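Q: the sequence and its predicted three-dimensional model are supplied below.
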Amino acid sequence: MTKVLGIHSSPIKNGNTAWLLDYALQEAEKAGKVTTETVALSGLTIADCRHCNWCMTKQTPDRLCSITDDASPILEKIRECDVLILASPVYFSRLSGTLACLIDRTRCFTFGKSGHLALKGKVGVALAVGWCRNLGMETTLAGIHGAFLLHEMLAPSCHAAGALYGVGVVSGQRDEAFSYKRDKLGVKDDREGLHSTGLYVREAIRTAKGRLK
């Protein structure tokens with residue numbers, strides 16, 4: 001069974017980023033023999049990585065980081081999954097600070113005493129939701145993708161989806177007069193983005209299943 005963990009960092013409980021992540025997990029389930037789980041970071045307390053190097057000398061399988069907060073159980077879930085999907089809204093042409101903070105805390109997997117490069121070989125998927133297609137999508141995806149590379153994870157590209165770093169989906173849809181609509185869930189109308197999401201996620205599942213054989 002392939003374990004897929006989806007994490008999103010939108011402060012809006014049922015907003016565009018949460019909806020897109022749920023859609024991506026539904027697409028993953030279509031592959032069969034897949035279990036999915038969602039984690040929303042909104043409202044959680046996740047401290048900054050202190051670069052104290054505790055994980056390098058004192059880490060144990062039961063305690064990954066010197067800091068005990070809401071990131072602790074999430075880090076354990078990340079360690080156990082086969083496919084990690086990280087979804088962020090686009091903030092000032094970059095990923096959200098909340099997700100960046102969690103990513104910094106995964107340093108415990110890169111240098112950890114009990115699990116050096118613990119995420120190596122896992123499959124990573126980056127998703128971004130932006131108001132416009134050309135205002136930070138690529139930089140947000142590249143930021144997440146860079147974290148996957150640092151962990152020596154597998155982050156497949158998908159030519160058919162037009163996806164190199166992951167998939168960006170637009171939440172700000174325009175009407176016939178090129179004015180923005182007021183729909184709260186505009187991602188539902190980005191047919192190209194959703195099609196690419198499905199293709200990309202299924203490619204990630206195929207990659208993970210091939211690795212687990």
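A: That came in fine, so what should we check first?
Q: every contact and neighbour count from this point should use C-alpha atoms.
A: Noted.
Q: what helices and strands are in contact with the helix ranked longest in the chain?
A: Using DSSP state H, we find that the single longest helix of the chain is helix 191-212. Judged by 3 or more Cα pairs under 8 Å, 6 or more residues apart in numbering; DSSP states H and E, helix 191-212 is in contact with strand 2-8, helix 16-29, strand 83-89, strand 123-130, strand 167-170.
Q: you'd agree residue 71 is up against residue 45?
A: Yes. Assessed by Cα atoms under 8 Å, residue 71 is found in contact with residue 45 at 7.4 Å.
Q: more neighbours: those two, which one.
A: Counted by other Cα atoms under 10 Å, residue 71 and residue 45 do not tie: residue 71 has more neighbours, with 20 against 12.
Q: pull up the gap between that one and residue 117, please.
A: Taking Cα to Cα, to the nearest Å as the measure, residue 71 and residue 117 are separated by 18 Å.
Q: swap in residue 142?
A: With Cα to Cα as the criterion, residue 142 and residue 117 are 20 Å apart.
Q: ok, residue 128 next?
A: Residue 128 is 25 Å from residue 117, by Cα to Cα.
Q: same deal with residue 131?
A: Residue 131 is 35 Å from residue 117, by Cα to Cα.
Q: where does this structure have low pLDDT?
A: 176, 178-179, 212-213 (pLDDT under 70).
Q: the same query, at a cut-off of 80, please.
A: Residue ranges of the chain with pLDDT under 80: 173-183, 211-213.
Q: tell me which residue is most central in it.
A: A centroid search over the chain (Cα atoms, centre = their mean) returns residue 86, at 0.6 Å, as the residue closest to the centre.
Q: so what's it up against?
A: 6-8, 124-127, 144 (Cα atoms under 8 Å, 6 or more residues apart in numbering).
Q: now swap in residue 137 and tell me
A: Residue 137 neighbours (Cα under 8 Å, 6+ apart): 90, 93-94, 128-130, 168.
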